[in-house]
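Peer 1: need coordinates for the below:
(chains A, B and C)
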Amino acid sequence: MDKLSTKEMTSMMILYMLGTAIMTGYTFYTTPHPLYIIISFLAALIPITTCTIIIKNNKKNLFTVIDDSFNKFFSKIINLFFVIYAFILEIFYLRYFIIFTKNNILIKTPVIITTIIFLLLIFLTLKRNIITLGKLSTFLIPINIIVILFGILFSVKMFDINNLNSLLTLNMDNIYDNLLLSIILPFGDIVLFGFIINNINKNENIKKSYSIAFTVSFILIMLIYFTNIFVLGFPLLLKVPYPTFITVGLSSIGTYVTRMEIIVAFNFFITTLVKISVCSYAAMLGLKHIMNLSNIKEINIIYTIIVFFTVMILPSTINKLLLLLFKFKWYFLFTAFILPILVLIISKIKNRKTT
Amino acid sequence: MKGKKILSIILLTFMIPLLCSCYDYSELEREILIFTLGVDKVSDGYVVSAETLDASDYGGELNVKPEVITSKGDSIYEALSILDGKFNNKVNLTHCELIIVGEKYAKEDGIYDILNLVYEKNNLRFNTIFTTTYGSSAEEILMSKEGHETFHGFEILEQLSKNKLFSDNSRAYKIINSIENSGIELTLPVIKVAKSEEKKNFYANKIAVFKGDKLAGYIDDKDVNYYSLLMNEKNSIQIKMKEEDNLINAKVSLKKTRTSIKNNRLNIDMDVNAYIESNEKKTTSKEKLKSALENKLETDLSNFIEETQKRFKLDIFGYGYHLNNYKEKKNNQNWNKFYENLNRNIEVHVTLKEDMEE
Amino acid sequence: MNKLHKSLKINTAIIKNQFNNDDTIRYRHFNNQGIDYLLMFIDGMSNSERINEDIIKAILENKKIVFKFNIIKKLEDKILYSNDLKEITTFEDMFSDLLYGNTILLIEGQNTALSIDTKGFMMRSIMEPPTDRITKGPREGFQENILTNLSMLRRKIQSPNLKFEFSSLGKITKTKTCLAYVDGLVDKKVLKEIKRRLKKIDIDSVLDVNYVLESIKDDKRSPFKTAGTYEKPDIVASKILEGRVALFVDGTPIVMTVPYLFIENFMSGDDYYLNYYFASFTRMIRIVSFFLAICIPALYLAIITFHKEILPSNLAISIIGAREGLPCSSFTECILMIIIFEILGEAGNRSGSGASTALGIVGGLVVGQAAVEARLISAPMIIVVALSAISELMIPSVKGSTIIFRFIFIILSSMFGLYGFIIAFLFLIVHISSLESFGMSYTADVAFHSPQQFKDSFYRAPWFKMNTRPVDMSEKTDRRE
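Peer 2: Model prediction:
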């Protein structure tokens, strides 16, 4: 009962990876070329495999492995790197979600109130470890998949295949920047699952879990991506910040059921909840290890309050938010990709030394 | 314990804004739902007219009937905000399905300003239908007579849907693409009104051609048939011809088109199904009918495309957009110039059918 | 824990002192072969015929056996006609047996008394329980006497592994309780846990199983119940055979079973006695009606006040026409209507069966028709609330939680529209996922572990497909037919 099973881990991973891609359909940090999506998926395999190799034999938390491999001072610094990484991701995704809510759903309600309520929900979800989130994901994943397929099905009649024309003549400037961004950002944060994998039952298979998750989310995202292109077409897709929202809003069943875009908002809500909960949990675990506390409950409330105040300070338009985020790109690359490899090498060396 | 108390007090103080919430709560009957919007330019400003619902309670008996409200301002946005102000900020544009743009406004200012309304929150939908007028203003179309019971906007929409000229290309999300892509130009349906003693009749069988987002001209009535044939492959059109003193009515539908541009020539190769509906004298043979139809279609289509080249100088069919490998396509002005000087080569192959498949 | 004295006088004095103002206790002195006997019983709880025939007559007419030594032994083995006899040495045991309908026989010169089973109190006959009516299947229901209930269960499971463990609860009422389980199928951890929790109960009275239920709940503030309550022996038997533990309480026909899963709220006895297509269909309808009852008023309210763009234009026009000129806002209407429907429902429950149909008609007529015509309430709101109230009747086992969550949903929806609705929905799901029932997660059968586990949750698979016991609940997971 205190451990997750493969299915729960898989469904959490799928919802985590769908994240904001459910709303945009592509990497909205870069130009929407399908090559970048494929690169993102393949690049995300690196951090998750390193984490599973580190944890495979002893099923300990990644933080404890870091504590064992390095001496005290370095281990605390490395843990702090991961904590700050999780913290920045959490405030970014939360702010993105709040801007979406403010612009499309509740226009006059002040942003403070929607943030407080959402943070309360996350607090309740994480009250008793990550188990509740796993069960929640298994309950919600079929709803999510059905809603995505439903939205795509009823947009088929508006498909216009000629829209693919412009895709092939897209502007391919800034290749380096775009490559870097597509490696680190959309799916690179799967490294945070390395801190949760130890919660899985002893008999379960982690590889199976993330291979299924990767394939399913890849298929879904490509479906959403192509649906958006076929329905909306090219200058429009680049101008709007939430393409799926508009695509499903255009579709209809007969003449009576129109404007079904609210189900996309529901989907987005669920995936954002899972994403932010996982980031929050990873950061709180890290802080617990650094400060040598016995229980997460002592730091739960304070951390949430810090997150709340930081989120309120962030910019309120998406462009400015992205500009702020991109200042951290080298930090993200280092923390998500290079640090796990470093930890893996050093822990293997230490293991060989002891045996 | 003290820490918990302090934290709970802090949390409670943050909860106070929750108690005075419901900022977005508004009752359905206290809002003005707009179903059709009309935009005009007059000599001293802009006029916005909107068709909405008047559901007042006449002494216990409910009466739901349409009502037209207008406002005037120095720009479109100002006129809309004056409309909000007249009714206490409760105007709701999200149910608006049709926008009628006045002729003068479309010619002089272009429809870009109105198109920008769809991006704003809680405003026009992305599948709103845009139309223009011919010979009247939008306000005249929407203005109601004493005692009329039906919504003008719904009547117009019904006329549009019956008409084969109407397609999804006049919805906002497609208009944005047509305006901004090079190699294709925008065309919108036109609404005409004929007033009579009892009621108004709306007609939607004309097409307006836009250059960028400004109105450039109208397609002749005789060519509207061929426009619908070329733009929407699912349509079938009626053709009347005279062949050896024989009046023939044929129903023609397009099966397949192959277009290409080679050596400064526009080549169009069409396969067409034809069904002879009435044949006064049954003397002409099938081969003669077939060749007569082919000739007529070829000449008419060639004349129609020539008109778009010479009179409008605009590529409304999107040959530049759909066909690749042209440097001129990237720059709109050059494409239209290039299109102006293309030669045409149109071939039609007709297959006569016993029964017409719709 | 006072032990009995050898002197009959002293014993009698102590007993009469204890039952000072109690006139239902009868004392019968008699003498045989020079020995004084005292017979005590409670009038109305003992069977007089058995006392006369099996005890008094047997002793008084005894001429063969001489009572010089080993009086108690000789009485037990050779004289008294009784199938249930035991020796007692303390006043506490004597009082508890006497108060349950046994007859106590005190003998001069002995510090041991005999407690003879002569129970003869009146009981309700076995009938179909009114809350759990089914169309096909057994119609027996449990009763107030614990021994009759246990006998009904024993008839269903005639296996020597079926165990009953007695205990008593309640400082003043000293109610008898019994734990029933099948040895070898039950999860030992659950058994240990429930015994531990029962020992912790420290209340004066236990008059119904609900007293026990609320004391041993996992999450005391949750509106969902984490232990099932049933009134029919066939259902309890099937639960025990899946590895659960049943708790019987004397004085109530309701039996508690643990552990309890969320999906069991939607099961009924009917499901197993009818065709599996129909059973699966009705089960899915019950699950859908649970969500309908909670969500529909909130959803309607959110859409017509916050998100008017979702409505199609014609529907918007008709709702505007229905709502024009009304005095209250939609939120007030909704709350008023729900309260009125709840009042009508409760009134129908409390009145006799003849008046409940009249109340339904009157309620429907008065509230619905007249209120709409008087332009007090809009017609769509009545339809929405009536649909929600009727859906609630389908699942009486979650009635309390339905009412609470319905109000939470309505309040959050009227404050934040569909955002609030989604928050409330996720809060409901988070709450259900975080509940536990005696070590098992509340949503065990709902998760998609494997098709075999899924076979008895949202639908009922036919009997030839139900090959294994539900995983995680019992120790054995092999085949069962």
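Peer 1: count the residues that sit near A:Ile66.
Peer 2: Look at A:Ile66: counted by other CB atoms under 10 Å in any protein chain shown, it has 26 neighbours. In this view, the C-beta of every residue, glycine as well, is placed from N, C-alpha and C.
Peer 1: residue contacts, it?
Peer 2: A:75, A:78-79, A:343 (CB atoms under 8 Å, 6 or more residues apart in numbering or on different chains).
Peer 1: for residue 132, which three-state class applies?
Peer 2: Using chain A. Assigned with DSSP: H, G, I helix; E, B strand; the rest coil, A:Thr132 falls in the helix class.
Peer 1: chain B was what I was after
Peer 2: Per three-state DSSP, B:Thr132 ends up strand.
Peer 1: that one: neighbour count?
Peer 2: Neighbour count of B:Thr132, defined by other CB under 10 Å: 25.
Peer 1: residues touching it, list them.
Peer 2: B:Thr132 makes contacts with B:100-103, B:106, B:188-191, B:208, B:215, as judged by CB under 8 Å, 6+ apart.
Peer 1: now those residues as JSON lines including distance to chain A and neighbour count?
Peer 2: Supplementary listing: those in JSON lines, determined by distance: CB to the nearest CB, whole Å; neighbours: other CB atoms under 10 Å in any protein chain shown:
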{"residue": "B:Ile100", "distance to chain A": "21", "neighbour count": "27"}
{"residue": "B:Val101", "distance to chain A": "20", "neighbour count": "25"}
{"residue": "B:Gly102", "distance to chain A": "25", "neighbour count": "26"}
{"residue": "B:Glu103", "distance to chain A": "27", "neighbour count": "20"}
{"residue": "B:Ala106", "distance to chain A": "21", "neighbour count": "23"}
{"residue": "B:Leu188", "distance to chain A": "17", "neighbour count": "24"}
{"residue": "B:Pro189", "distance to chain A": "19", "neighbour count": "22"}
{"residue": "B:Val190", "distance to chain A": "24", "neighbour count": "22"}
{"residue": "B:Ile191", "distance to chain A": "21", "neighbour count": "23"}
{"residue": "B:Ala208", "distance to chain A": "22", "neighbour count": "22"}
{"residue": "B:Leu215", "distance to chain A": "21", "neighbour count": "24"}
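Peer 1: so who does the residue lying closest to A:Met158 once chain neighbours are set aside touch?
Peer 2: Computed as CB to CB, 6 or more residues apart in numbering or on different chains, the closest residue to A:Met158 that is not its neighbour in sequence is A:Val231, at 5.0 Å. By CB under 8 Å, 6+ apart, the contact list for A:Val231 reads A:155, A:158-160, A:163, A:247, A:250-251.
Peer 1: list, one by one, the residues from the stretch 101-250 of chain A near chain B.
Peer 2: With the criterion set to CB under 8 Å from any CB of the partner chain, the stretch 101-250 of chain A comes near chain B through A:103-104, A:106-110, A:112-113, A:116-117, A:158, A:162, A:165-166, A:169, A:232-236, A:239-240, A:246, A:249-250.
Peer 1: dump the residue contacts of the residue in the stretch 51-200 of chain A positioned nearest to chain C.
Peer 2: Residue of the stretch 51-200 of chain A nearest chain C, by CB to the nearest CB: A:Lys135 (3.9 Å). Counting by CB under 8 Å, 6+ apart, A:Lys135 touches A:8, C:433-434, C:441, C:443, C:447.
Peer 1: before we move on, the earlier item: next step: the contacts of A:Ile66 restricted to helices.
Peer 2: Judged by DSSP state H, those include A:75, A:78-79, A:343 as members of helices.
Peer 1: centre of the chain to the helix or strand harbouring C:Ile411, how far?
Peer 2: Using DSSP states H and E, C:Ile411 sits in helix C:399-434. Offset of helix C:399-434 from its chain centre (CA atoms, centre = their mean, to the nearest Å): 28 Å.
Peer 1: kindly report the same for stretch A:50-64.
Peer 2: Using CA atoms, centre = their mean, the offset of stretch A:50-64 from its chain centre is 21 Å.
Peer 1: any idea which helix or strand in the chain has the lowest mean pLDDT?
Peer 2: By default, I'm working from chain A. Using mean pLDDT, DSSP states H and E, helix A:164-168 stands out as the lowest-scoring helix or strand of chain A, at a mean of 75.
Peer 1: you looked at the wrong chain, it should be chain B
Peer 2: Min over SSEs of chain B, mean pLDDT, DSSP H and E: helix B:332-340 (a mean of 72).
Peer 1: which residue does the stretch 351-481 of chain C have closest to chain A?
Peer 2: Closest point on the stretch 351-481 of chain C to chain A, by CB to the nearest CB, is C:Ser433, at 3.9 Å.
Peer 1: show me where the stretch 151-300 of chain B has strands.
Peer 2: B:187-195, B:200-211, B:214-218, B:236-242, B:247-262, B:265-279 (DSSP state E, counting those that start in this stretch).
Peer 1: hmm, who's touching the second one?
Peer 2: In other words, strand B:200-211. Strand B:200-211 has contacts (CB under 8 Å, 6+ apart) with B:106, B:111, B:131-132, B:134, B:141, B:145, B:152, B:155-156, B:159-160, B:163, B:165-166, B:179, B:185-194, B:215-219, B:221, B:224, B:227, B:308, B:312, B:314, B:316.
Peer 1: and what of the fifth one?
Peer 2: Residues from elsewhere that reach strand B:247-262, judged by CB under 8 Å, 6+ apart: B:229-230, B:233, B:235-242, B:266-280, B:284, B:289, B:292-293, B:297, B:319, B:322-323, B:326, B:342, B:350-351, B:356-357.
Peer 1: if we can go back for a sec, tell me the two of the ones in helices among the contacts of A:Ile66 that are most distant?
Peer 2: Maximum pairwise distance in the ones in helices among the contacts of A:Ile66, criterion CB to CB, is 10.6 Å, between A:Asn79 and A:Val343.
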